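Enquirer: Next comes the sequence, and after it the predicted model I'd like to discuss.
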Amino acid sequence: MQEKELIPYLYRTEFRKITAVLCRLFGIEHITIAEDIVGDTFLLAAETWGLKGVPANPAAWLYVVAKNKTRDFLKRNAIFNEKVSPEVQYSAEESHEIEVDLSATNINDSQLQMMFAICYPGIPPESQIGLSLRILCSFSIDEIADAFLTNKETINKRMYRAKEKLKQDKVKIEMPPDSEIGKRIKNVLTTLYLLFNEGYYSSNRNTVLTKDLCLEAMRLTHMLTENQNTDKPEVNALLALMCFHASRFDARIDKNGELILYEDQDISLWNNELIKQGEYYLNRAAHGEVLSRYHLEAAIAYWHTAERDSPQKWEKVLSLYNRLLMVEYSPIAALNRTYALAKVYGNETAIAEAEKLALDHSHLYHILLGELYSDIDKSKAIEHFTVASKLTKTTADRKVIRKKIEKLKH
Amino acid sequence: MKEFVMVYRAEPMGEIKLTPEGNMVVSKEWENWMGGIAAQNKLVSPGMRLGNEGRVIKPGNLVTNGPYAEIKEIVGGLSIFKADSIEEATEWAKTCPILNAGGNVEVRDIIQMNG
């Protein structure tokens, strides 16, 4: 690998590891210091490697430099030393040498603990996702701003407020006790689910970036399945769901970066390897007493990869959506349930149910009604698609809707 | 929006002969009915089915084996919904699958107990 590619590559893989270890060492109130030290380490790497060449083991070089910078910082910064966590003070007095443990085990533990700390319901979901991308996925502030289709200042402000809140609430960087993991992991899974969706359903045209968000969400979820304390059925269910969705990555975007609807996708482009992985994790999810929304959503996603269209499939999907809605309401599940209802009981029945949903403000609601009316009443269908086109915020959606209207006019 | 409980009454399930097929049909009906209300974000809790074991305790340490001998309509389960009015909840109750199985449904408003 060339030096130009090597540093961004190492940044993506190592920044998060060292940062998590330093955060855990310093405590939640000093996330920014940890980020700065690791950032400086990479700056020094860029300068030094450019002049002297790349060291034999670049990652080890980064670890040594990060350790030295941490020690220097702790020695130099008297104020910090006064306020620093007792643990660090203790080890500093004991050995006169602060131990920065960058072993694989400690890196892994630190990342898991940071995951629990960051996925803290006291800060807004978008901040949890932002912090996760920064601390757990090594994203730069610019990349996060791109992912959220906003600017650097907004993200910086959001991060600042989130870090202040974590500090104020004295959130601990630690593994929750076994008795609490089941409850606490819910927040973590919600954030990982949102992170995945942020990539999967993003209106962002940068497909490389949005795919990255999905892959990072999958990597973090996978980490949870590898730890025996966090390897819960619902974690496996969420990972299965992600695998099934991700299997359609290449089939759902055309050469021009435009969305291809499920019905029009080329099945040969679906990734069988990911479908198999999804099935593997869905099987692993099938024990215990908890039937989470992820189980139900993964089962729905499974049916979408198993068969495109069959009466059996739609009966199962309708049943799963019914149960999903009983566990947790969401407008999207309500709309999808109505679509499945149409597939099983016909459009007329579904239209009657759709009109009770009270989702007039949603463009997806009007797309659904447009679809359901297409074979019954073309002018009504066009009416709904036109409203949908006005309500949608993305040009990609508008294009898809316009195509549907054109088709109906012919 | 207020909360309402629906109390489902029917003959005890033990007396109704159900083929595995028949059982499936009933549950699909129930699922679609409840799913339809849940899709409107009006389901608070699917609630619970009650089993066939029961005891009734009366003053004077009198314990009987459930009310089955006396009345045909025992409580089979209950769910909680939210609605703008009892009229709205009543409209849903009119489409409840229990009515097709010879049972009935009672709609009652809920008054929360605090503490």
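Expert: Noted; the coordinates are in hand.
Enquirer: contacts, neighbours, all on C-alpha from now
Expert: OK.
Enquirer: B:Gly77 belongs to a strand?
Expert: Yes. B:Gly77 forms part of a strand when assessed by DSSP: H, G, I helix; E, B strand; the rest coil.
Enquirer: Contact residues of chain A facing chain B?
Expert: By Cα under 8 Å from any Cα of the partner chain, the residues of chain A that approach chain B are A:319, A:321-323, A:325-326, A:329-331, A:333-335, A:337, A:353, A:356-358.
Enquirer: switch to 7 Å and redo it
Expert: By Cα under 7 Å from any Cα of the partner chain, the residues of chain A that approach chain B are A:319, A:322-323, A:325-326, A:329, A:334, A:356-357.
Enquirer: What about the residues you listed, which one has the most neighbours?
Expert: A:Asn322 (30 neighbours; other Cα atoms under 10 Å in any protein chain shown).
Enquirer: My guess is that one contacts B:Trp30. True?
Expert: No. Using Cα atoms under 7 Å, A:Asn322 makes no contact with B:Trp30, being 9.8 Å away.
Enquirer: Show me where chain B has its helices.
Expert: Along chain B, the segments classed as helices by DSSP state H run B:20-38, B:86-93.
Enquirer: The shortest one near chain A anywhere?
Expert: Read that as helix B:86-93. No. For helix B:86-93, no contact with chain A is found by Cα under 7 Å from any Cα; the gap never falls below 11.8 Å.
Enquirer: pLDDT (mean, whole number) over that helix?
Expert: Average pLDDT, helix B:86-93: 96.
Enquirer: where does chain B have low pLDDT?
Expert: Residues of chain B that meet the criterion pLDDT under 70 lie in B:12-26, B:67-72, B:115.
Enquirer: same thing but at 80, please
Expert: Along chain B, the parts satisfying pLDDT under 80 run over B:11-27, B:51-53, B:65-73, B:114-115.
Enquirer: A:Lys211 and A:Tyr201, how far apart?
Expert: A:Lys211 sits 10 Å away from A:Tyr201, going by Cα to Cα, to the nearest Å.
Enquirer: Counting neighbours, go ahead and name the busier of these two.
Expert: Set side by side, A:Lys211 and A:Tyr201 show more neighbours around A:Lys211, with 18 against 11, by other Cα under 10 Å.
Enquirer: Tell me the helices and strands packed up against the helix or strand encompassing the more buried one.
Expert: If you go by DSSP states H and E, A:Lys211 is part of helix A:207-226. Where contact means 3 or more Cα pairs under 7 Å, 6 or more residues apart in numbering or on different chains; DSSP states H and E, helix A:207-226 is packed against helix A:178-200, helix A:233-246.
Enquirer: go again using 10 Å as the cut-off
Expert: helix A:104-118, helix A:141-147, helix A:178-200, helix A:233-246, helix A:272-285 (3 or more Cα pairs under 10 Å, 6 or more residues apart in numbering or on different chains; DSSP states H and E).
Enquirer: got these as JSON lines, with mean neighbour count columns?
Expert: Below are the helices and strands packed on helix A:207-226 laid out as JSON lines (neighbours: other Cα atoms under 10 Å in any protein chain shown):
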{"stretch": "helix A:104-118", "mean neighbour count": "21"}
{"stretch": "helix A:141-147", "mean neighbour count": "19"}
{"stretch": "helix A:178-200", "mean neighbour count": "19"}
{"stretch": "helix A:233-246", "mean neighbour count": "28"}
{"stretch": "helix A:272-285", "mean neighbour count": "20"}
